[in-house]
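>>> Pasted the sequence and its predicted model underneath.
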Amino acid sequence: MENKNKTQNTYDYIVIGTGTAGSVLAKKLTDDLKTSLLSIEAGDNNSKERPIRDSRFAPPFILRDNFSPEYYWPGKGTPQKSVQNRSFEWTGGRTLGGSSSVNNEQYVRPTDLNIKQWEDSLGPLWSPKRKNYLFTKLEKYNGGSHNPEARGYQGRLDIRQTPVKPTTMVEKIIKAMERATGIKRILDYNDPNTPIGPFTRWQLYQMPNGIRESADTAFLTRDVVNEDGLGVKGRKLTISYKSTVMRIIFDENKRARGVEYVKEGRAKVAYARKKVILSAGIKSPELLMLFGIGPEKLLKKAKIPLLVANNNVGKHLTTHAANMASFQVNKKDRFRPAKDPNALYVSGAFLPDPRKGPESKKRFVQIFGQPNDEGNLSIGFYLTEPKSKGRVSIQNNDPLKLVLANEGFLSHPEDLESIKQVFKVYLRKIAKELSKIDHEYKLLSPSFDVIQDDKKLEAFIKENLQATHHIQGTARMAASPKDGVVNGKGEVYGVHDLIIADDSIAPFVSDGNTSAPAYFIGANIAEILLDQTKNKGGKA
């Protein structure tokens, strides 16, 4: 499809997606007021709507279960053999801000040990030092830390540490965790020096008043774009809402020249002078395959002309599987402070492998507490670096056909054994210590009898495991196309001027919630592109 008004539809960059990474890219690349950029967003601008802005909608599944048609991509994963053939929602945010507008608001930077794996594989562009530097530039931290130099206070991304004064319930839980694990509480889990320990105060994507902070409210604010998505104060930025990309246009040299997309039912085309950037999250590997980049046999079966054969597209899918325990509480205790309903969570912890003990400094499990529908306390956890892998495949050449998404839950036997150890060691001991502190607190599910019986515990885990939507790795970065989809600069192997910048390129699963790594990826790719432009005298 060619466009007669090509010059009117040509930009320096085209970014597909306005989510966590895409919003950062859109702002940073147009800060010079010279660079033009088109952001293509499949969803609408829902930023002012209460379910998105009100943080009380953020805890797990409230938004997804009640507002899925409004703010999410439709999708369902394939039945999971290792968890009794159950299937889970395969989805992400389909709105301005992407998944940052609908996530659980937990702000967790990957640790230095985690990112060191990235550096060892890709070089200094992805080092712990660079990661920490970029986070200090991104964030506007409103909280305490014993290492204030490791935090940012002048960035655009509001981070609130809450509650300032923990409730009696939180204090009891944290004391129980300290006694059960032998690990003292920490103030700031995002301090690189204190990645391990229980804590009373979560760090949340919230403004000081408790309203949700998301990628658009941080980086696509009214001093950047107006309500119609047009750049202000000379900024050459355009956001096209309700626009779904159908394919990328490549020339005979396999250079990405532009995109075809559908906007409110009408076919459109736009061209890029410099780069096309995929920042579509869970949709990125699907789009690559529809463009002809992916496993050769799969594309042939789907009747898609092969552009570049790469078996890694859609492969290496990693995610976190949530596991829950339920506790009876003292009805006199409050879950959250009366004056701070936006505190959301009831304590938390990052703990080492229970088989290695408190001397280990590597995060193995993340724990979080929250009230449940029965009025009791749920203490949930997930393995931070699971070994199980899944993959994403397209069914045919229809861009509207749902993908076959296999999360691969418990596909590696070590994960099930590790989850059992967390129940047997941490949850069992925490429950006993909590009852000693206050006899009103009792473990309800799984019972001590279930925890002590391997077969019963395995059945409980498989029946109750839940998805977290922490999808990474499906277009992973690697030193060569034998091992990945993009290089250390986000450039797609086998073609020119096509970049991916989102969580799909993470080479290793992050040891915490995955929104912070997406901000890091977006900011880092933007810095790489800006450095290229500077070094080439204005040409990227």
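Yes, it's here.
>>> only C-alpha atoms for contact and neighbour calcs from this point on.
Fine.
>>> just for the stretch 201-350 of the chain, where's the confidence low?
For the stretch 201-350 of the chain, applying pLDDT under 70 flags no range at all.
>>> hmm, I was thinking of the chain
Within the chain, the stretches with pLDDT under 70 are 1-7, 537-540.
>>> Regarding it, what is its longest helix?
Counting residues, the longest helix found in the chain (DSSP state H) is helix 515-535.
>>> Run the chain-centre distance for that helix.
Relative to the chain's own centre, helix 515-535 is displaced by 17 Å; criterion: Cα atoms, centre = their mean, to the nearest Å.
>>> same check, this time on stretch 407-416
20 Å.
>>> again, but for stretch 62-73
17 Å.
>>> Touching that stretch from outside, list them.
Here stretch 62-73 makes contact (Cα atoms under 8 Å, 6 or more residues apart in numbering) with Gly43, Pro51, Phe57, Pro74, Thr91, Gly92, Gly93, Arg94, Thr95, Val102.
>>> before we move on, what about stretch 37-50?
In contact with stretch 37-50 (Cα under 8 Å, 6+ apart) are residues 11-18, 22, 26, 29-30, 52-53, 71, 94-96, 101, 216-217, 236-245.
>>> Same check on stretch 245-264?
For stretch 245-264, the external contacting residues (Cα under 8 Å, 6+ apart) are 1, 14, 16, 40, 42, 240-244, 267-273, 275-276, 287, 290-291, 307, 399, 494-498.
>>> Give me the subset of those that lies in helices.
Taking DSSP H, the ones among those that sit in helices are Leu287, Leu290.
>>> Are any of the contacts of stretch 245-264 buried, and if so which?
Restricting these to buried positions leaves 14, 16, 40, 42, 240-244, 268-273, 275-276, 287, 290-291, 307, 399, 494-498, with burial counted as 16 or more other Cα atoms under 10 Å.
>>> pretty sure Val313 contacts Ala475?
Yes: between Val313 and Ala475 there is a contact at 5.4 Å, judged by Cα atoms under 8 Å.
>>> who's more crowded, those two?
Neighbours were counted for Val313 and for Ala475 using other Cα atoms under 10 Å; Ala475 has more, 32 against 27.
>>> these two touch, right, that one and Ser504?
Yes: in terms of Cα under 8 Å, Ala475 counts as a neighbour of Ser504; the distance is 5.0 Å.
>>> Tell me which stretches of the stretch 101-250 of the chain form helices.
Remark: helices assigned in the stretch 101-250 of the chain by DSSP state H, counting those that start in this stretch are 112-122, 128-138, 168-181, 215-219.
>>> Of those, which stretch is the most buried?
Among these, helix 215-219 has the highest mean neighbour count (mean count of other Cα atoms under 10 Å), at a mean of 24.
>>> Just the CA trace of stretch 415-428, in CSV.
Extracted C-alpha coordinates of stretch 415-428, given in CSV (Å, rounded to 0.1, in the frame of the first residue of the first chain):
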residue,chain,number,x,y,z
ASP,A,415,10.2,-25.0,40.0
LEU,A,416,7.7,-27.3,41.6
GLU,A,417,10.3,-28.5,44.1
SER,A,418,11.3,-24.9,44.9
ILE,A,419,7.7,-23.8,45.4
LYS,A,420,7.2,-26.7,47.8
GLN,A,421,10.3,-25.6,49.8
VAL,A,422,8.9,-22.1,50.1
PHE,A,423,5.7,-23.5,51.6
LYS,A,424,7.5,-26.0,53.8
VAL,A,425,10.2,-23.7,55.2
TYR,A,426,9.1,-20.1,54.9
LEU,A,427,5.2,-20.2,54.9
ARG,A,428,5.1,-22.9,57.6
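>>> so Ser378, which of the three states?
strand (DSSP: H, G, I helix; E, B strand; the rest coil).
>>> Test of understanding: give the bridge partners of it.
Ser326, Gln370 (DSSP bridges).
>>> quick one: the longest strand along the chain to helix 515-535, angle?
For the chain, the longest strand by residue count, based on DSSP state E, is strand 266-278. When axes from the mean of the first three to the mean of the last three Cα atoms, to 10 degrees is applied, the directions of strand 266-278 and helix 515-535 differ by 80 degrees.
>>> Pull up the overlap in contacts between Val313 and Ala475.
Jointly contacting Val313 and Ala475 under the rule Cα under 8 Å, 6+ apart are Pro285, Gly484, Val485.
>>> Excluding chain neighbours, what is closest to the last one?
In space, Val485 comes closest to Ala475 once its chain neighbours are excluded; the distance is 5.1 Å by Cα to Cα, 6 or more residues apart in numbering.
>>> For the one you found, I want the exact helix or strand it lies within.
Using DSSP states H and E, Ala475 sits within no helix or strand.
>>> Pull the contacting residues for it.
Contact partners of Ala475, counting by Cα under 8 Å, 6+ apart, are 284-285, 312-316, 484-486, 504-506.
>>> now the closest residue to Asp112 other than its chain neighbours: how far from Asp502?
Of all residues beyond its chain neighbours, the one nearest Asp112 is Pro128 (5.0 Å), with distances taken as Cα to Cα, 6+ apart. Per Cα to Cα, to the nearest Å, Pro128 is found 18 Å from Asp502.
>>> Please apply the same query to Gly292.
20 Å.
>>> before we move on, what about Leu307?
To Asp502, Leu307 is 22 Å away according to Cα to Cα.
>>> same question, Asn513
As judged by Cα to Cα, Asn513 and Asp502 stand 14 Å apart.
>>> between the helices of the stretch 101-250 of the chain, which one is nearest to Leu427?
Among the helices of the stretch 101-250 of the chain, helix 168-181 comes nearest to Leu427, with 8.6 Å by Cα to Cα.
>>> Check the contact between the residue nearest to Asp112 and Gln117; I expect there is one.
No: checked against Cα under 8 Å, the pair Pro128 and Gln117 is beyond contact range at 9.4 Å.
>>> ranges for the strands of the stretch 101-250 of the chain?
With strands called from DSSP state E, counting those that start in this stretch, the stretch 101-250 of the chain shows them at 139-142, 157-162, 197-199, 202-204, 237-240, 243-250.
>>> In terms of secondary structure, what does the longest strand of the chain contact?
The contact analysis (3 or more Cα pairs under 8 Å, 6 or more residues apart in numbering; DSSP states H and E) places strand 266-278 against strand 10-16, strand 256-263, strand 498-500.
>>> Can you say which of these is packed in most?
Of all the helices and strands packed on strand 266-278, strand 498-500 carries the top mean neighbour count, a mean of 26, counting by mean count of other Cα under 10 Å.
>>> Give me the distance from that one to the chain's centre.
That offset, for strand 498-500, works out to 18 Å (Cα atoms, centre = their mean).
>>> What of stretch 134-146?
19 Å.
>>> quick one: contacts for Phe219?
For Phe219, the contacting residues are Ser23, Val24, Lys27, Arg156, Leu157, by Cα under 8 Å, 6+ apart.
>>> could I get the residues you listed as CSV with neighbour count and distance to Ser36?
As requested, the contacts of Phe219 are arranged in CSV below (neighbours: other Cα atoms under 10 Å; distance: Cα to Cα, whole Å):
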residue, neighbour count, distance to Ser36
Ser23, 27, 14
Val24, 26, 15
Lys27, 24, 11
Arg156, 18, 22
Leu157, 25, 23
